[in-house]
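# no sequence for this one, just the structure:
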């Protein structure tokens, strides 16, 4: 579950930096490609579409620095050390950070490699009685129709802020509702180090 949250961070960064809606999916994708590396940080609130009780926030800064707060768990990484704190179990696991953490989908990896791995295949306008939105569909390069590896992103029609992300990988589908997205925040490096509370069991794997 946490790995999915990390993956959508890269997706959100791309759309947060899009200032105008291009006429074609290729133009929009090209615009994102030229802008997304300029952002230094990102934050947003998320909620699982499948598990309504699973929600939280994420903050990330270039340099493999990120904070994930979800339900009763807090994960912090300062680029070198990773703290995985279970509030319910009163236990924190400390380990060295490496790029393979979370199934290889580290935030830093997504920042710089996402656009190289996916390509736009469709761009649609969707209308409903409550709102209008844009839907951009992307497919992983080299994947066949059988693989069914796609990412669908719904954008608010006027502001182009992301509203929902659907990730499809073979027969697995996950949906995420997104709100309060911000970029280029002022985040100090000290925020990405966990201050371990008293009476918490520490498991140091370094």
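Thanks, I have it. All values derive from a computational prediction rather than experimental measurement.
# burial count for residue 55?
16 (other CB atoms under 10 Å). In short, each C-beta sits where N, CA and C put it, glycine included.
# try residue 165
22.
# repeat for residue 86
Neighbour number of residue 86 under other CB under 10 Å is 16.
# OK, contacts around it?
In this structure, residue 86 makes contact with 72-73, 92, judged by CB atoms under 8 Å, 6 or more residues apart in numbering.
# scan the chain for its longest strand.
strand 172-183 (DSSP state E).
# pLDDT averaged over it - what is it?
For strand 172-183, mean pLDDT is 86.
# among the contacts of residue 86, which ones are in strands?
73, 92.
# hmm, which of the contacts of residue 86 is lowest in pLDDT?
residue 72 (89).
# ok, now how distant is it from residue 53?
Going from residue 72 to residue 53 by CB to CB, to the nearest Å gives 11 Å.
# surely residue 41 and residue 60 touch.
Yes: between residue 41 and residue 60 there is a contact under CB atoms under 8 Å: 6.2 Å.
# the more surrounded of these two?
The neighbour comparison of residue 41 against residue 60 (other CB under 10 Å) goes to residue 60, with 29 against 18.
# just the element for the more buried one, please.
In the assignment (DSSP states H and E), residue 60 maps to strand 55-61.
# before we move on, the earlier item: can you check what angle separates the longest strand of the chain from strand 55-61?
60 degrees (axes from the mean of the first three to the mean of the last three CA atoms, to 10 degrees).
# which residues touch the residue of the chain most remote from its centre?
The C-alpha centroid of the chain is most remote from residue 199, which lies 32.1 Å away (CA atoms, centre = their mean). Contacts for residue 199 (CB under 8 Å, 6+ apart) come out as residue 90.
# which SS class is it?
coil (DSSP: H, G, I helix; E, B strand; the rest coil).
# now do it, the pLDDT please.
Residue 199 carries a pLDDT score of 92 in this model.
# try residue 41
85.
# on that earlier part again, buried among the contacts of residue 86? Make that a PyMOL selection.
With 16 or more other CB atoms under 10 Å as the criterion, this PyMOL line picks the buried residues out of those:
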select buried, resi 73+92
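# any chance of the contacts of residue 86 in CSV, with distance to residue 132 too?
Output for the contacts of residue 86, formatted as CSV (distance: CB to CB, whole Å):
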residue, distance to residue 132
72, 37
73, 36
92, 45
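# re earlier: neighbouring strands - and their directions - for the strand holding residue 60?
Paired neighbours of strand 55-61 in the sheet (DSSP bridges): strand 41-48 (antiparallel), strand 65-70 (antiparallel).
# quick one: low-confidence ranges for the protein?
1-23, 28, 30-38, 99-116, 128-131, 145, 159-160 (pLDDT under 70).
# strands along that one, start to end?
Under DSSP E, the chain gives strands at 41-48, 55-61, 65-70, 73-78, 81-86, 91-96, 118-127, 132-140, 149-156, 162-169, 172-183, 201-204.
# out of the strands paired with strand 55-61, nearest to residue 140?
Counting by CB to CB, residue 140 lies closest to strand 41-48 out of the strands paired with strand 55-61; the figure is 21.8 Å.
# how about residue 119, what does it touch?
Under the contact definition (CB under 8 Å, 6+ apart), the residues listed for residue 119 are 29, 138-139, 141.
# lovely, talk soon.
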